[in-house]
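S.K.: please work out how this folds:
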Amino acid sequence: MEEPSLFGPSGNLAVIRKSQQDCPAVAEPVESQKQTPDVPIRRPKKTSPTQRSLAKLRAEGWTCAITEHWNPFAKLRQDLFGFIDILAMRGHFIMAVQTTSGEHVSNRVDKIRYLQTAQLWLESPMRLIVVHGWRKVGERGKVKRWECREVNITNP
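M.R.: Down below sits the predicted model:
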């Protein structure tokens, strides 16, 4: 029978421990010599307001599609009719959703109220326009959660 070495498989000084059952000695690296793997720390992915709104609407039973897209020539995001990020359908209703961060809700509402295309959209009684404003809420030092502020836009 071979005698256990003072060095582990990686060549580092090892501590020899015998298990309770009569089995060969097992070498483990000394605590100060253990190496941590080079694995990057995973951070939670940041979700966009559009993705949060999609999840919310689908949970409420709406069938949704993203209508905004990146225009590489103009180097900006373009919305359908200048204000629709998400188009949602349920039953006879079609809802146009503009998503944004919580601080910009009033800016989006003002923009939509003055658009001619939004006025035309609201002429049908089965069409809705909603602005979703997303912000994190929670007590200081506690876990924060996302909250959606919904503003319905109607014809004046």
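
S.K.: same question for the one helix or strand T117 maps to: list its buried residues.
M.R.: Using DSSP states H and E, T117 maps to helix 116-122. Using 16 or more other C-beta atoms under 10 Å as the burial criterion, the residues of helix 116-122 that qualify are A118, W121, L122. Using the backbone N, CA and C atoms, a C-beta is placed for each residue, glycine as well.

S.K.: any idea which strand is longest in this protein?
M.R.: For the chain, the strand that runs over the most residues, judged by DSSP state E, is strand 127-137.

S.K.: quick one: average pLDDT of that strand?
M.R.: Strand 127-137 carries an average pLDDT of 94.

S.K.: buried sites along whichever helix or strand comes after it?
M.R.: Sequence order places strand 145-153 as the next helix or strand after strand 127-137, per DSSP H and E. Neighbour counts over strand 145-153 (16+ other C-beta under 10 Å) mark I153 as buried.

S.K.: just the C-alphas of strand 145-153, formatted as PDB.
M.R.: Taking C-alpha atoms only, strand 145-153 is exported to PDB below (Å, rounded to 0.1, in the frame of the first residue of the first chain):
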ATOM      1  CA  ARG A 145     -39.700  46.200  -6.500                       C
ATOM      2  CA  TRP A 146     -40.900  47.600  -9.800                       C
ATOM      3  CA  GLU A 147     -44.200  49.500  -9.800                       C
ATOM      4  CA  CYS A 148     -46.200  50.600 -12.900                       C
ATOM      5  CA  ARG A 149     -48.100  53.800 -13.000                       C
ATOM      6  CA  GLU A 150     -50.800  53.600 -15.700                       C
ATOM      7  CA  VAL A 151     -52.200  56.800 -17.300                       C
ATOM      8  CA  ASN A 152     -55.100  56.400 -19.700                       C
ATOM      9  CA  ILE A 153     -55.300  59.000 -22.400                       C
END
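
S.K.: quick one: Q78 and N71 touch, right?
M.R.: Yes: look at Q78 against N71 with C-beta atoms under 8 Å: they come within range, at 5.1 Å.
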